[in-house]
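Undergrad: The following comprises the amino acid sequence and a computationally predicted model.
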Amino acid sequence: MPIELLRNAFSKQKEKFVEIGMIFSNKVELRNAFHSQLAKKKALNAIQGKAEDQFDSLWDYATELRSSNPGSIVQMVMNDGEDGTGQRKFLKFYVCFDALRRGFLFGCSHVIGVDSCHLKGLCGGVFLTAVSIDPNNNLYPLAYAMVARDKGIVAVVS
């Protein structure tokens, strides 16, 4: 019974604490459940780091992509704090590997499909992918990009 309760993705953490307390004849206070949520947030922050720290490592990722994949297109664009706040703002990150681009020109149908996925995290934005069809009628990835939510596909094309 406790394992089934923990596997149930739809029950809330507070409900799990109360149910487990009833199973083992212990009184679990909701205050303890709240403290465990805070502990979980602290643990995730310690493991993943802050969003600002992860954003700074994006520059290293772009540099590594350029050095390990010569001929590939890797663009990271930011504004320089022109909005009056003085803080830089992420605009787009675009990657097209040279091998995929050459494979597309050599053997794929010259029709490109673009799909988007809206990201609902801390930073938000839109994740875009460009695909084609290879000779085996499978999807062939061409490029991917992450753009600010208000820009969309126009920001990648321009």
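TA: Cool, got the structure.
Undergrad: Between the two ends of stretch 71-91, how far is it?
TA: When the termini of stretch 71-91 are compared using Cα to Cα, to the nearest Å, they are 23 Å apart.
Undergrad: quick one: average pLDDT of that stretch?
TA: For stretch 71-91, the per-residue pLDDT values average out at 78.
Undergrad: which residues does residue 117 contact?
TA: Listed by Cβ atoms under 8 Å, 6 or more residues apart in numbering, the contact partners of residue 117 are 126-128. Bear in mind the C-beta positions are built from the backbone N, C-alpha and C, glycine included.
Undergrad: what ranges do the strands span in the protein?
TA: Secondary structure of the chain (DSSP state E): strands located at 73-79, 89-96, 113-118, 126-133, 139-147.
Undergrad: can you tell which of those strands is closest to residue 55?
TA: Taking Cβ to Cβ as the criterion, strand 89-96 is the member of the strands of the chain that comes nearest to residue 55, at 7.0 Å.
Undergrad: Dump the strands of the chain to TSV, plus distance to residue 46.
TA: Output for those, formatted as TSV (distance: least, Cβ to Cβ, whole Å):
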stretch	distance to residue 46
strand 73-79	27
strand 89-96	24
strand 113-118	28
strand 126-133	27
strand 139-147	25
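Undergrad: Separate out the buried members of the contacts of residue 117.
TA: Of all those considered here, the ones buried according to neighbour count by 16 or more other Cβ atoms under 10 Å are 126, 128.
Undergrad: Just give me the closest of the contacts of residue 117 to residue 64.
TA: When the contacts of residue 117 are compared for distance to residue 64 (Cβ to Cβ), residue 127 comes out closest, at 19.9 Å.
Undergrad: what sits opposite that closest one in the beta ladder?
TA: Each beta-bridge partner of residue 127 is listed here: residue 117, residue 146, as defined by DSSP bridges.
Undergrad: give the contact list for it.
TA: Residue 127 neighbours (Cβ under 8 Å, 6+ apart): 116-119, 144-146.
Undergrad: so which of those residues comes closest to residue 87?
TA: Residue 87 lies nearest to residue 146 out of those, by Cβ to Cβ, at 18.6 Å.
Undergrad: so who does that closest one touch?
TA: The contact partners of residue 146, taken as Cβ under 8 Å, 6+ apart, are 92-93, 119, 125-128.
Undergrad: likewise residue 130?
TA: Residues near residue 130 by Cβ under 8 Å, 6+ apart: 112-114, 141-144.
Undergrad: Quick one: these as CSV, columns for distance to residue 97 too.
TA: Formatted as CSV, the entries for those read as follows, by distance: Cβ to Cβ, whole Å:
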residue, distance to residue 97
112, 15
113, 18
114, 17
141, 9
142, 9
143, 8
144, 10
